[in-house]
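Visitor: Predicted model and sequence follow; I will ask about them next.
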Amino acid sequence: MRIFDCFRYNKVLFRIDVADLDSLPNAPGVYIISEGTSLYCGKGLNLRTRGPQSIERNEFGERVFFLPIGSSCLSDIPIKKKVKALEDLCISALHTIIWSNGLPFDLTNDRGVKILPYSAWTTDIAKDCALCIAIAQTVLYSLGLPRFMIELPFRQVALSGIGTTIAAENRSRWSEIFATEQEARKEPDHPRSPMFVLHPKLGKKVTG
């Protein structure tokens, strides 16, 4: 069973506050730390030890999103290799969506990162690539962004400088955009997050 298949079955990306770091599992996986507009995406062979280390090193962190990877998902793949590959794709997905859509977030470890591979825009999208795009979209949605601003842009846009133009045009409107989105989320028929985010202790579904 591949990592994507495990995720598709469980449909779980966890989110915890920094006060609940003891909820991090003793398992390998990928994680994203957020505070304000700062984001950091990392990996670890042991999330419980790696998460706090990253928060201390980066000097920020109000919440942690993470995807633990069970041993059954890695039986045919070296753990270090697969976790590293997922981290790279998650960083690329975040970078592609943030930069191309001109979003007001700073991915602190995106230096030298490339946009997503061409397969991300094909009809037969690579499963692990689809997983990492969904992770990036869910994190950004949970941080208050409307769905139309977290979609994967056309590849031509992602390869061009249009993202910087969009950012310049929208920077003065972020307060209005966020306020409008929060009001919209109060409506019962408002679209939900791209995937469930569950608190590991309470099992409570969180969509925003």
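Guide: Okay, I see it. Predicted model, so just to flag it, every value in this text is computed and none were measured. Residues are numbered from 1 along each chain as shown.
Visitor: who's in contact with the residue nearest to Tyr40 when sequence neighbours are not counted?
Guide: Sequence neighbours aside, Ile33 is the residue nearest to Tyr40 in space, at 4.5 Å (criterion: C-beta to C-beta, 6 or more residues apart in numbering). From N, CA and C alone the C-beta is placed, and that goes for glycine too. Going by C-beta atoms under 8 Å, 6 or more residues apart in numbering, Ile33 touches 39-42, 51, 54-55, 58, 60-61, 63-64.
Visitor: same deal with Leu47?
Guide: Counting by C-beta under 8 Å, 6+ apart, Leu47 has contacts 24-29, 31, 66, 68.
Visitor: Could I get the full set of helices for this protein?
Guide: Using DSSP state H, the helices found in the chain span residues 3-10, 47-58, 79-100, 127-142, 155-159, 162-170, 174-184.
Visitor: Nearest to Ile16 among those would be which one?
Guide: Proximity to Ile16 (C-beta to C-beta) singles out helix 47-58 among the helices of the chain, at 9.0 Å.
Visitor: Just the C-alpha atoms of that closest one, please, in CSV.
Guide: The C-alpha trace of helix 47-58 is given here as CSV (Å, rounded to 0.1, in the frame of the first residue of the first chain):
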residue,chain,number,x,y,z
LEU,A,47,7.4,13.8,14.5
ARG,A,48,7.2,14.1,18.2
THR,A,49,10.9,15.1,18.5
ARG,A,50,11.2,16.8,15.1
GLY,A,51,8.2,19.2,15.5
PRO,A,52,9.4,20.9,18.7
GLN,A,53,12.9,21.2,17.3
SER,A,54,11.7,23.0,14.2
ILE,A,55,9.6,25.4,16.2
GLU,A,56,12.5,26.3,18.4
ARG,A,57,14.9,26.7,15.4
ASN,A,58,12.5,28.8,13.3
